[in-house]
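*Asks:* 3D, please:
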Amino acid sequence: MDERPELRLLFHRLNNQLGIILAHAELLESKAADDIHRARAAQVVSSTLEAMGTAKEIRRISATTVEPQ
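*Replies:* Numbering: from 1, shown residues only. Coordinates of the predicted model:
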């Protein structure tokens, strides 16, 4: 993958941040006291996974369109 170092760093940071959100949401989901809170946490898990997929797709697209410096 031929991407600029700044982009690589930003994608790395974004994935780390999303990973932290995912871990916390999964913990909340597993420890939820009732179905309503479990469903809300599950929605955060699902949305975070979608965001990680979107970031991966943006990275893939940007890697093919990055112009040499």
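
*Asks:* what residue is smack in the middle of the protein?
*Replies:* Met52 (2.9 Å; CA atoms, centre = their mean).

*Asks:* Can you list the buried residues in the longest helix along the chain?
*Replies:* Longest helix in the chain, counting residues (DSSP state H): helix 35-65. Residues of helix 35-65 classed as buried: Ala41, Ala42, Val44, Val45, Thr48, Ala51, Met52, Ala55, Arg59 (neighbour count, 16 or more other CB atoms under 10 Å). Heads up, the C-betas are built off the backbone N, CA and C, glycines and all.

*Asks:* With distance to Leu22 and pLDDT added, can I get those in CSV?
*Replies:* Output for the buried residues of helix 35-65, formatted as CSV (distance: CB to CB, whole Å; pLDDT from 0 to 100):
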residue, distance to Leu22, pLDDT
Ala41, 11, 98
Ala42, 12, 98
Val44, 8, 98
Val45, 6, 98
Thr48, 4, 98
Ala51, 9, 98
Met52, 7, 98
Ala55, 12, 96
Arg59, 17, 93
